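>>> Sharing a model that was predicted from the sequence below.
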Amino acid sequence: VQLQASGGGLVQAGGSLRLSCEASGRDSSIYTVGWFRQAPGKAREFVAHISWNGGSAVYAEFVKGRFTISRDNAKNTVYLQMNSLEPEDTAVYYCAADGASFKNYPPDYWGQGTQVTVSS
């Protein structure tokens, strides 16, 4: 499975961005897909993931109510809509895919990161 992340950029606090993660490869649509982020000097942390059919989503506590994860299997793409962004959300965001719903770490596949910078 190959994952291509895009959509990062520079935004002011309170603004919004939508990240995209396009998956390709055999059986890519059956994997749970999620997002992690890593800020400078910090460990990579879980943000959200969504089940293969979009029926179940899990969020980290710090993004609940602000971020929404969704997927369009016809386009093999998972989205992360990020609203009410805060400077603390500044990080490189990575998409990932896992066959076991991220029960273990690291996940089966990583995409490349996309930089999100939120200015105050």
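Perfect, thanks for sending it.

>>> Residues contacting the top strand by length along the chain, please?
Using DSSP state E to define each element, the chain has its longest strand at strand 109-119. Strand 109-119 is contacted from outside by 1-13, 15, 17, 19, 21, 31, 37-38, 82, 85-98, using C-beta atoms under 8 Å, 6 or more residues apart in numbering. For glycine as for every other residue, the C-beta is placed from the backbone atoms N, C-alpha and C.

>>> could you flag which of the residues you listed are buried?
Buried members of the contacts of strand 109-119, counted by 16 or more other C-beta atoms under 10 Å: 1, 3, 5, 7-8, 11, 17, 19, 21, 31, 37, 82, 85, 89-98.

>>> Apart from its chain neighbours, what residue comes closest to the spatially most central residue of the chain?
Nearest to the geometric centre of the chain sits Trp35, at 2.5 Å (C-alpha atoms, centre = their mean). Using C-beta to C-beta, 6 or more residues apart in numbering and skipping the chain neighbours, the partner closest in space to Trp35 is Val47 (4.2 Å).

>>> what pLDDT does the closest residue in space to Ser28 that isn't next to it in sequence get?
Leaving aside its chain neighbours, Ser28 sits nearest to Val1 (4.8 Å; criterion: C-beta to C-beta, 6+ apart). Confidence at Val1, expressed as pLDDT, is 91.
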